[in-house]
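Student: What would the 3D arrangement of this be:
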Amino acid sequence: MKFLLIDFRSTPTIGYIEYSPGSDIVFNEREDLINIDGVLKNHEEESCIVIDEFSGDEPFLSVTIKKLLDSDYKITTKGVTNAIKTIDMSGKITSHLDREKYNRLSTPIKADLKCIQKYFRANSTWDFEKYLKLNNLNYKDYPTLGAGLILDSK
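Tutor: Numbers count the residues shown, from 1 in each chain. Take a look at the predicted model:
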């Protein structure tokens with residue numbers, strides 16, 4: 001099957017992923033994404049895969065996309081790498097939280113093209129946090145692809 005891929009890393013591009021269960025993912029050639037409205041109007045797919053700078057590198061990216069396509073997962077999580085602190089009203093740090101207990105939402109995500117259209121009606125550039133705030137109901141009741149993804153070498 002073919003899946004639309006929208007890539008918002010450095011230079012935004014659009015392309016396709018070819019995949020069927022039990023096979024590897026094939027990324028088709030991509031072209032620059034110049035007009036998001038034109039792209040969204042000209043594609044028949046109801047959903048797509050979105051990646052950005054939070055998606056990570058290979059092989060994590062391919063494994064994560066494969067897991068998203070094989071399941072009902074719609075969003076990916078990763079472990080928090082920065083220190084997490086609570087701060088009072090004056091700006092003073094009141095405690096340091098254990099980052100091992102937290103995950104952050106990240107891409108790749110499965111996105112409905114309607115949600116992407118809704119986002120770009122209000123915004124001219126991609127911002128993952130703004131996208132989630134605008135479309136949070138679409139991700140609220142779905143399990144997340146966990147941060148504990150481990151790649152085994154063969």
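Student: So for this structure, the centremost residue is which one?
Tutor: Residue closest to the average C-alpha location in the chain (CA atoms, centre = their mean): residue 107, at 2.0 Å.
Student: Phi first, then psi, for that residue.
Tutor: Reported as degrees, to the nearest 10, the phi and psi values for residue 107 are phi -100, psi 160.
Student: Report the contact partners of it.
Tutor: Residues counted as contacts of residue 107 (CB atoms under 8 Å, 6 or more residues apart in numbering) are 50, 51, 52, 54, 55, 76, 128. From N, CA and C alone the C-beta is placed, and that goes for glycine too.
Student: Run a quick check on the last one versus residue 55, I expect a contact.
Tutor: No. With contact taken as CB atoms under 8 Å, residue 128 and residue 55 are classed as non-touching, separated by 9.7 Å.
Student: Mutual contacts of those two, please.
Tutor: Common neighbours of residue 128 and residue 55, using CB under 8 Å, 6+ apart, are 106, 107.
Student: more crowded one of these two?
Tutor: residue 55 (22 against 17; other CB atoms under 10 Å).
Student: Hmm, residue 95 and residue 83 touching each other?
Tutor: No. The pair residue 83 / residue 95 is not scored as a contact, 11.1 Å apart, by CB under 8 Å.
Student: The residue of the chain positioned farthest from its centre is in what secondary structure piece?
Tutor: Going by CA atoms, centre = their mean, the residue of the chain most distant from its centre is residue 90, 34.6 Å out. Following DSSP states H and E, one finds residue 90 outside all helices and strands.
Student: Sweet, I'm off.
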